[in-house]
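Engineer: just the structure for this:
(2 chains)
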Amino acid sequence: SQKIEQNSEALNIQEGKTATLTCNYTNYSPAYLQWYRQDPGRGPVFLLLIRENEKEKRKERLKVTFDTTLKQSLFHITASQPADSATYLCAPGVPNRDDKIIFGKGTRLHILP
Amino acid sequence: GAGVSQSPRYKVAKRGQDVALRCDPISGHVSLFWYQQALGQGPEFLTYFQNEAQLDKSGLPSDRFFAERPEGSVSTLKIQRTQQEDSAVYLCASSLSTGGGETQYFGPGTRLLVL
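Structural biologist: Numbering: from 1, shown residues only, chains lettered A, B, ... in the order given. The predicted structure is shown next:
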């Protein structure tokens, strides 16, 4: 069955450093992959989408890579700030299922001042 | 414009009670999704509508769970004879169209506690 793995432990990063979050998937080949941010008590908020024919996508301080050979996506936040502290969810698309996505468990990120 | 809204925000139910959770998607959004999120987990897919048609209900955990979207806008998720394992946050999301990779806009969720 389709399986998505994200860093299971919380990640603590010093303010100003780059935070790197990992998403690995097995048993399928998504055509695209989305990243969402979720704050406590709120619904997820879309951040970035990367398609299988794209190696890298950037948006302000965010960068996402997508390696279809390794079946992995990396999510980077450069010049991290305490306000970046949240849970980050990886969500690959389901092949041939239009806009259905499957979420990973998420990685809790703490940016330490 | 208004985002996705859900009501109630919190619901406490006694085991065996029926509950109904409402989702108001963004106006004009074709697709609507329901997810269940347990503490410390990612959202788990429950069901999906394209306008009023329920195209995928493979994630509904049992026949006690029922969802509808009769006019292609507001949706209701109903849980009959609630059990303690139904306690979770129920998230609703909508997206503008049906192409692959469309952004999903989430509501704040309904936190259900079954005693």
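Engineer: and the closest residue to A:Glu54 other than its chain neighbours, which of the three is it?
Structural biologist: Using C-beta to C-beta, 6 or more residues apart in numbering or on different chains and skipping the chain neighbours, the partner closest in space to A:Glu54 is A:Phe66 (6.2 Å). Every C-beta, even on glycine, is put in place using the N, C-alpha and C of the backbone. Using DSSP: H, G, I helix; E, B strand; the rest coil, the structure places A:Phe66 in strand.
Engineer: test my guess that A:Phe66 contacts A:Leu48.
Structural biologist: No - using C-beta atoms under 8 Å, A:Phe66 makes no contact with A:Leu48, being 10.3 Å away.
Engineer: what residue in chain A comes nearest to chain B?
Structural biologist: Closest contact between chain A and chain B, by C-beta to the nearest C-beta, is at A:Gly43 (3.0 Å).
Engineer: in which helix or strand does that residue reside?
Structural biologist: Counting by DSSP states H and E, there is no helix or strand that carries A:Gly43.
Engineer: would you list the phi and psi of it?
Structural biologist: phi -80, psi 160 (degrees, to the nearest 10).
Engineer: ditto for B:Gln84
Structural biologist: The phi/psi pair for B:Gln84 (degrees, to the nearest 10) is phi -60, psi -30.
Engineer: number of nearby residues for it?
Structural biologist: By other C-beta atoms under 10 Å in any protein chain shown, the residues close to B:Gln84 number 9.
Engineer: so how far is B:Ala20 from the closest residue to it other than its chain neighbours?
Structural biologist: The shortest distance from B:Gln84 to any non-neighbouring residue, by C-beta to C-beta, 6+ apart, is to B:Val114 (5.1 Å). Applying C-beta to C-beta, to the nearest Å, the value for B:Val114 to B:Ala20 is 14 Å.
Engineer: ok, the two, which is more surrounded?
Structural biologist: Under the criterion of other C-beta under 10 Å, the comparison of B:Val114 against B:Ala20 puts B:Val114 first, with 19 against 13.
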